[in-house]
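> Would you be able to build a 3D model of this:
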Amino acid sequence: MALDLKDTANLFVNSIGTAVKNVTGQDAPAIEGFAQNQLQSLAHQSALITGMIEANQFTDDELKFYLIGLKQMAMGFAQTLIGMIVVEVQRLFNAIVTAIYTSINTLAKVALPLPV
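I've put the predicted structure just below:
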(Lines give C-alpha, C1' and ligand atoms only; values in the text may rest on other atoms or scores of the structure.)
Protein backbone atom coordinates (compact mmCIF):
# COMPACT_ATOMS: atom_id res chain seq x y z
CA MET A 1 0.00 0.00 0.00
CA ALA A 2 1.47 3.35 -1.03
CA LEU A 3 1.90 6.06 1.54
CA ASP A 4 -0.12 9.24 1.21
CA LEU A 5 2.64 11.80 0.60
CA LYS A 6 0.74 14.66 2.22
CA ASP A 7 0.11 12.67 5.41
CA THR A 8 3.68 11.39 5.36
CA ALA A 9 5.10 14.90 4.96
CA ASN A 10 2.89 16.11 7.82
CA LEU A 11 4.21 13.32 10.02
CA PHE A 12 7.77 14.46 9.30
CA VAL A 13 6.86 18.09 9.98
CA ASN A 14 5.36 17.12 13.33
CA SER A 15 8.21 14.80 14.24
CA ILE A 16 10.94 17.30 13.37
CA GLY A 17 9.04 20.16 14.99
CA THR A 18 8.63 18.20 18.22
CA ALA A 19 12.33 17.31 18.24
CA VAL A 20 13.32 20.96 17.79
CA LYS A 21 10.90 22.13 20.49
CA ASN A 22 12.18 19.49 22.92
CA VAL A 23 15.80 20.58 22.51
CA THR A 24 15.21 24.32 22.46
CA GLY A 25 12.65 24.12 25.25
CA GLN A 26 15.25 22.57 27.52
CA ASP A 27 18.26 24.67 26.53
CA ALA A 28 16.94 28.10 25.61
CA PRO A 29 16.08 29.10 29.21
CA ALA A 30 19.55 28.09 30.39
CA ILE A 31 21.28 30.02 27.61
CA GLU A 32 19.04 33.03 28.19
CA GLY A 33 19.71 32.94 31.94
CA PHE A 34 23.46 32.74 31.40
CA ALA A 35 23.38 35.60 28.91
CA GLN A 36 21.27 37.77 31.19
CA ASN A 37 23.60 37.22 34.16
CA GLN A 38 26.66 38.00 32.06
CA LEU A 39 25.07 41.12 30.59
CA GLN A 40 24.20 42.31 34.09
CA SER A 41 27.80 41.75 35.21
CA LEU A 42 29.18 43.59 32.19
CA ALA A 43 26.77 46.49 32.72
CA HIS A 44 27.61 46.72 36.42
CA GLN A 45 31.36 46.65 35.79
CA SER A 46 30.98 49.24 33.02
CA ALA A 47 28.97 51.51 35.31
CA LEU A 48 31.58 51.21 38.07
CA ILE A 49 34.39 52.08 35.69
CA THR A 50 32.40 55.00 34.27
CA GLY A 51 31.78 56.32 37.77
CA MET A 52 35.45 56.07 38.66
CA ILE A 53 36.44 57.84 35.43
CA GLU A 54 33.89 60.60 36.03
CA ALA A 55 35.18 61.06 39.60
CA ASN A 56 38.76 61.10 38.29
CA GLN A 57 39.72 58.23 40.62
CA PHE A 58 41.99 56.27 38.25
CA THR A 59 45.60 56.73 37.36
CA ASP A 60 46.35 56.20 33.68
CA ASP A 61 47.70 52.70 34.42
CA GLU A 62 44.67 51.79 36.54
CA LEU A 63 42.30 52.97 33.84
CA LYS A 64 44.13 50.92 31.24
CA PHE A 65 44.04 47.88 33.56
CA TYR A 66 40.29 48.13 34.18
CA LEU A 67 39.45 48.76 30.52
CA ILE A 68 41.52 45.73 29.48
CA GLY A 69 39.68 43.68 32.11
CA LEU A 70 36.33 44.88 30.81
CA LYS A 71 37.34 43.97 27.26
CA GLN A 72 38.43 40.50 28.42
CA MET A 73 35.16 40.07 30.29
CA ALA A 74 33.20 40.92 27.13
CA MET A 75 35.32 38.56 25.01
CA GLY A 76 34.88 35.73 27.51
CA PHE A 77 31.13 36.25 27.46
CA ALA A 78 31.01 36.25 23.66
CA GLN A 79 33.22 33.16 23.34
CA THR A 80 31.22 31.23 25.93
CA LEU A 81 27.95 32.18 24.25
CA ILE A 82 29.31 31.08 20.87
CA GLY A 83 30.34 27.74 22.40
CA MET A 84 26.88 27.27 23.87
CA ILE A 85 25.28 28.05 20.52
CA VAL A 86 27.56 25.60 18.70
CA VAL A 87 26.57 22.86 21.16
CA GLU A 88 22.91 23.81 20.72
CA VAL A 89 23.16 23.59 16.93
CA GLN A 90 24.75 20.14 17.21
CA ARG A 91 22.01 18.99 19.59
CA LEU A 92 19.35 20.33 17.20
CA PHE A 93 20.98 18.57 14.26
CA ASN A 94 21.12 15.28 16.18
CA ALA A 95 17.48 15.60 17.25
CA ILE A 96 16.32 16.38 13.71
CA VAL A 97 18.25 13.48 12.17
CA THR A 98 16.95 11.12 14.86
CA ALA A 99 13.37 12.29 14.23
CA ILE A 100 13.75 11.78 10.48
CA TYR A 101 15.27 8.32 10.78
CA THR A 102 12.76 7.24 13.42
CA SER A 103 9.90 8.36 11.19
CA ILE A 104 11.36 6.60 8.15
CA ASN A 105 11.81 3.41 10.18
CA THR A 106 8.24 3.59 11.46
CA LEU A 107 6.60 4.41 8.14
CA ALA A 108 8.69 2.11 5.95
CA LYS A 109 8.84 -0.64 8.61
CA VAL A 110 12.63 -0.83 8.37
CA ALA A 111 15.47 -0.48 10.85
CA LEU A 112 17.88 2.03 9.35
CA PRO A 113 20.72 2.76 11.77
CA LEU A 114 21.20 6.37 12.77
CA PRO A 115 24.12 8.00 10.97
CA VAL A 116 27.20 8.58 13.05
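
> which residues in this protein form strands?
Assigned strands in the chain: none (criterion: DSSP state E).

> so where is it shaky, pLDDT-wise?
Applying pLDDT under 70 to the chain flags residues 1.

> let's see it at 90
Counting by pLDDT under 90, the chain shows low-confidence ranges at 1-5, 26-28, 30, 115-116.

> mind checking how far the most centrally placed residue in it is from Ile16?
Nearest to the mean C-alpha position of the chain, by C-alpha atoms, centre = their mean, lies Ile85 at 3.2 Å. Distance of Ile85 to Ile16, given as C-beta to C-beta, to the nearest Å: 20 Å. For every residue, glycine as well, the C-beta is placed using N, CA and C.

> before we move on, back to that, can you give me the distance of the residue nearest to the centre of the chain to Ser15?
Counting by C-beta to C-beta, the separation of Ile85 from Ser15 is 24 Å.

> Then Asp61?
Taking C-beta to C-beta, one finds Asp61 at 60 Å from Ser15.

> more neighbours, those two?
Remark: of Asp61 and Ser15, Ser15 carries more neighbours, 18 against 8, as counted by other C-beta atoms under 10 Å.

> So that one sits against Val97, correct?
No - using C-beta atoms under 8 Å as the test, Ser15 is too far from Val97 to be in contact (11.3 Å).

> one step back: who are the contact partners of the residue nearest to the centre of the chain?
Going by C-beta atoms under 8 Å, 6 or more residues apart in numbering, Ile85 touches Ile31.

> one more time with 10 Å
Ile85 sits next to Asp27, Ile31 when contact means C-beta atoms under 10 Å, 6 or more residues apart in numbering.

> from now on call the first residue 26
Yes, from this point I'll number from 26; that puts the last item at Ile110.

> Alright, that wraps it up for me.
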